[in-house]
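need coordinates for the below:
(4 chains)
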Number of protein chains: 2
Amino acid sequence: MPTIIEVAALAGVSTATVSRVLSRPEQVSEDTRLRVLAVVRSSGYTPNVAARSLRTLRAAKILLTVPDISNAFFASVIRGAEEAARDAGYSVVVGDTRHDPDVEDQYAEMLSRREVDGLIFLGHRLPASLAPLLSRKGAAAPIVNGCEYSPDLGVPSVHIDNAAASADAIEHLIDLGHRSIGVITGPEISPISRDRLAGAIDAATRAGLRDSLHVRIGDYSAGSAVEQTRDLIAQGVTAIFCFSDEMAMGALSAVGDAGLSCPKDVSVIGFDDLPLARYFQPPLTTIAQPKGMIGRRTVELLVDILRGVESPSQQVTLQHELVIRNSTAPPRSGD
Amino acid sequence: MPTIIEVAALAGVSTATVSRVLSRPEQVSEDTRLRVLAVVRSSGYTPNVAARSLRTLRAAKILLTVPDISNAFFASVIRGAEEAARDAGYSVVVGDTRHDPDVEDQYAEMLSRREVDGLIFLGHRLPASLAPLLSRKGAAAPIVNGCEYSPDLGVPSVHIDNAAASADAIEHLIDLGHRSIGVITGPEISPISRDRLAGAIDAATRAGLRDSLHVRIGDYSAGSAVEQTRDLIAQGVTAIFCFSDEMAMGALSAVGDAGLSCPKDVSVIGFDDLPLARYFQPPLTTIAQPKGMIGRRTVELLVDILRGVESPSQQVTLQHELVIRNSTAPPRSGD
DNA sequence: CGGCTGAATGTAAAGGATTACATGTGAAAT
DNA sequence: ATTTCACATGTAATCCTTTACATTCAGCCG
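Numbering: from 1, shown residues only, chains lettered A, B, ... in the order given. This is a model prediction of the structure:
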């Protein structure tokens, strides 16, 4: 791999000119440009990123941390983020924190170390080591949150209106005639889970059915929903609203295990609209989040910050959609 | 963020000593070491990675490309790889190529550019831009393949014995009494899909049932299996072996749509043993791959190459396991 | 006591690109 | 003909760290 010095020698110009050809071609006369480009191509030269980033203090990289890479929901967000990053001339480094604060901190250090220019985190916890960065900077810190958010964090965020989405789900069930509804939430610490729960309770209250809601706590994983579903079935609910499609999958499994059938005996509604949701048995009614768009917008927000754009949009709210498939139906008895 | 120069000044030593304290502490006297470390901590100094990597020509990063990040199978591989990388002092950059050769090439350039020290690719296609590197350095090129492999590529690889695993699945079905078996493969271009098909045909042939195998081509996605399953059901198969759990999910969905039930009318067996497989309806019989271990071993192999270890293990074969759950049973009629 | 050894530390040269500033050139303006 | 200006290009400093080599010094041996 040749260096810029060799390319310059081969093309009979200075290194400055080679650099300009590559980054500011308009400053170079056409014939010089063509000559240099020819050498670049024939020699297979590519600039050394370490040297470039040392000099420019930019890494052209964005770190995107997800709490659980095995969750298909995040996969779609990552895709959107990568596309938007590519458009803006950045590349995305994906980090899987496994919900582990230590790992989160480790990744966050990449930002302190300037290994990356900015951080997008999809969890709800802002790594402790970044607190100084956030409070210190007069200009906005290059940190953006996606999906989750905590108003008190002071970090720009992209998300849907979780309370409204959740209310939509509950209203759908109430409209179908359900009067005893189970809800399986995310972890108590998760702000969006709290929002969703608040939205569900609101909707039930508005319908005068506050007491018909049976709330159980899950952790977004299928396994956690199995247990809770058994419990809810014992309580006699006719419908279960899960705060993730994975949990809905666990719920469906538990419904089957109990010798019941969905949607005849129990309706199930999920959250996320994973690509696989349509292949659930029965195909899952769920709240669709604009996953790719969440990824895209977080990157755009971050890039704005990096470019020093005055960014008025601290909170971006995107549209959700209730996707009705076959896992919800009126309750058996009609009431 | 202070530089090493400021730290050196504060501690009253040279930059060389600071550097040594951080990377070769045994070369420094204890009191100097403690003094420097105190300054490092109080100033919050962290070495600038760009400068370090420029100087050492090492990035301490491994690029791991996956063909489809939304496939949960790869998530587990990624986790194993990250753990092993952490152990070896590397960090992992995950790239989602979406099966797109252009994107693969783009990622591969990170290696040419020395942005990363090595590449692990989980697809079956070696980016064209790496051919020169490979031919020049042969097996010493810092490139390792996981899951898939092509003997002709000349790249070390970690995988299971796909033919044997596939044979196990077919034998399981034959043992149960199935005499008309559908197989939904991966894309024809995928070497492991070919291996699995060969293994399936072998097993059937050994049992004198070569003609009872009905082969359909899928692409590992649930959607592709839905169509093929309809077709296979029309052919009258009593069991379907899918080369991925996602396809098995599609198959189960199609079986249900056809008004049939699994395993009573049709047995289904998958491949991968995704975390969700146990929550399928019914819980899925499948071939478990040691996903985390595949990730771990690919990294270990790559690190060996990077360290210049004579690496005798060009092909690492790991153990698979047939996990029997409830989606397979004897055929209804007994034949 | 001189010389040698080894441990601890310092000096300074890379490593490769970017870019502020300097220089040179030709054309337009006066 | 002289000045001016814009454009094209070159020079060299700079980004920060690592490390080969040089230096210093204390302790030991003969």
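
from here on, contacts and neighbour counts on C-alpha atoms
OK.

residue contacts, A:G118?
Counting by C-alpha atoms under 8 Å, 6 or more residues apart in numbering or on different chains, A:G118 touches A:K61, A:I62, A:L63, A:L111, A:P142, A:I143, A:L302, A:L306.

next: A:A140.
A:L134, A:I305.

so it sits in a helix?
No - counting by DSSP: H, G, I helix; E, B strand; the rest coil, A:A140 is not part of a helix but coil.

where do the helices sit along chain A?
With helices called from DSSP state H, chain A shows them at A:4-11, A:15-23, A:30-43, A:49-56, A:72-88, A:101-112, A:131-136, A:162-176, A:191-206, A:222-234, A:245-257, A:291-306.

which stretch in these is the model least sure about?
With a mean of 72, helix A:131-136 has the lowest mean pLDDT of the helices of chain A.

run a quick neighbour tally on A:P101.
Number of residues near A:P101 (other C-alpha atoms under 10 Å in any protein chain shown) recorded here: 15.

and A:L122, how far from A:G95?
10 Å (C-alpha to C-alpha, to the nearest Å).

I should have written A:S42 there, sorry.
36 Å.

one more: A:V309?
Distance from A:V309 to A:G95, counting by C-alpha to C-alpha: 27 Å.

got it, and A:T238?
A:T238 is 40 Å from A:G95, by C-alpha to C-alpha.

between these two, tell me which one has more neighbours.
A:T238 (28 against 25).

wait, isn't that one in contact with A:A329?
No - counting by C-alpha atoms under 8 Å, A:T238 sits too far from A:A329 to count as a contact (9.8 Å).

shared neighbours of those two, anything?
Common neighbours of A:T238 and A:A329 (criterion: C-alpha under 8 Å, 6+ apart): A:S267.

contacts for stretch A:67-78, please.
Residues contacting stretch A:67-78 (C-alpha under 8 Å, 6+ apart): A:64, A:66, A:94, A:96-100, A:122-123, A:272, A:274, A:291-296, B:69-72, B:74-76.

and chain A, which residues reach DNA strand C?
Counting by C-alpha under 7 Å from any atom of the strand, chain A comes close to DNA strand C at A:3-5, A:15-17, A:19-20, A:22-23, A:45-49, A:51-52, A:54-56.

put the buried members of these into a PyMOL selection.
For the buried members of those, the matching PyMOL selection, counting by 16 or more other C-alpha atoms under 10 Å in any protein chain shown, is:
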select buried, chain A and resi 4+15+17+22+45+46+47+48+49+51+54
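
list, out of the residues of chain A next to DNA strand C, those positioned next to chain B.
A:T46, A:P47, A:N48, A:V49, A:A51, A:L54 (C-alpha under 8 Å from any C-alpha of the partner chain).

OK, contacts around the first one?
Under the criterion of C-alpha under 8 Å, 6+ apart, the contact partners of A:T46 comprise A:M1, A:P2, A:T3, A:V40, B:S112, B:R113.

number of residues surrounding the second one?
So the one you mean is A:P2. 13.

I figured it was touching A:S42, is that so?
No - contact between A:P2 and A:S42 fails when scored by C-alpha under 8 Å: they sit 10.7 Å apart.

shared neighbours of these two, anything?
Here A:P2 and A:S42 have no joint contacts, going by C-alpha under 8 Å, 6+ apart.

about what we covered before: would you list the contacts of A:T46 in JSON lines and tack on distance to B:V28?
Formatted as JSON lines, these follow (distance: C-alpha to C-alpha, whole Å):
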{"residue": "A:M1", "distance to B:V28": "36"}
{"residue": "A:P2", "distance to B:V28": "37"}
{"residue": "A:T3", "distance to B:V28": "35"}
{"residue": "A:V40", "distance to B:V28": "45"}
{"residue": "B:S112", "distance to B:V28": "36"}
{"residue": "B:R113", "distance to B:V28": "35"}
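
can you count the residues close to the closest residue to A:E188 other than its chain neighbours?
Nearest non-adjacent residue to A:E188, counting by C-alpha to C-alpha, 6 or more residues apart in numbering or on different chains: A:R194, 6.8 Å away. For A:R194, the neighbour count with other C-alpha under 10 Å is 17.

now A:D87
11.

next one: it from A:C242, what distance?
Distance, A:D87 to A:C242, using C-alpha to C-alpha: 35 Å.

make TSV out of the contacts of A:T46 and add distance to DNA strand D.
TSV is the format used below for the contacts of A:T46 (distance: C-alpha to the nearest atom of the strand, whole Å):
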residue	distance to DNA strand D
A:M1	19
A:P2	17
A:T3	13
A:V40	15
B:S112	21
B:R113	17
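
what about the nearest residue to A:A277 once chain neighbours are set aside, distance to DNA strand C?
Nearest residue to A:A277, sequence neighbours excluded (C-alpha to C-alpha, 6+ apart): A:L284, at 5.4 Å. Remark: distance between A:L284 and DNA strand C (C-alpha to the nearest atom of the strand, to the nearest Å) = 50 Å.

quick one: residues contacting A:L284.
A:V268, A:I269, A:G270, A:A277, A:R278, A:I324, A:R325, A:N326, A:S327, A:T328.

quick one: pLDDT of it?
A:L284 is assigned a predicted lDDT (pLDDT) of 98.

sorry, back to before: and the contacts of stretch A:67-78, which are buried?
A:64, A:66, A:94, A:96-98, A:122-123, A:272, A:274, A:291-296, B:69-72, B:74-76.

wait, doesn't A:D161 sit right on A:T317?
Yes - counting by C-alpha under 8 Å, A:D161 touches A:T317, with 6.3 Å between them.

and these two? which has more neighbours close in?
Each of A:D161 and A:T317 has its neighbours counted (other C-alpha under 10 Å); A:D161 has more, 20 against 16.

residues in chain A within reach of chain B, list them.
A:1, A:46-51, A:53-54, A:69-76, A:79, A:93-96, A:112-115, A:222, A:249-250, A:253, A:256, A:276, A:279-282.

quick one: A:A258 from B:A207, how far?
In this view, A:A258 and B:A207 are 39 Å apart by C-alpha to C-alpha.

go on, A:V299?
For A:V299, the distance to B:A207 (C-alpha to C-alpha) stands at 56 Å.

also A:H172?
Relative to B:A207, A:H172 is positioned 54 Å away (C-alpha to C-alpha).

between these two, which one's more packed in?
A:H172 (17 against 13).
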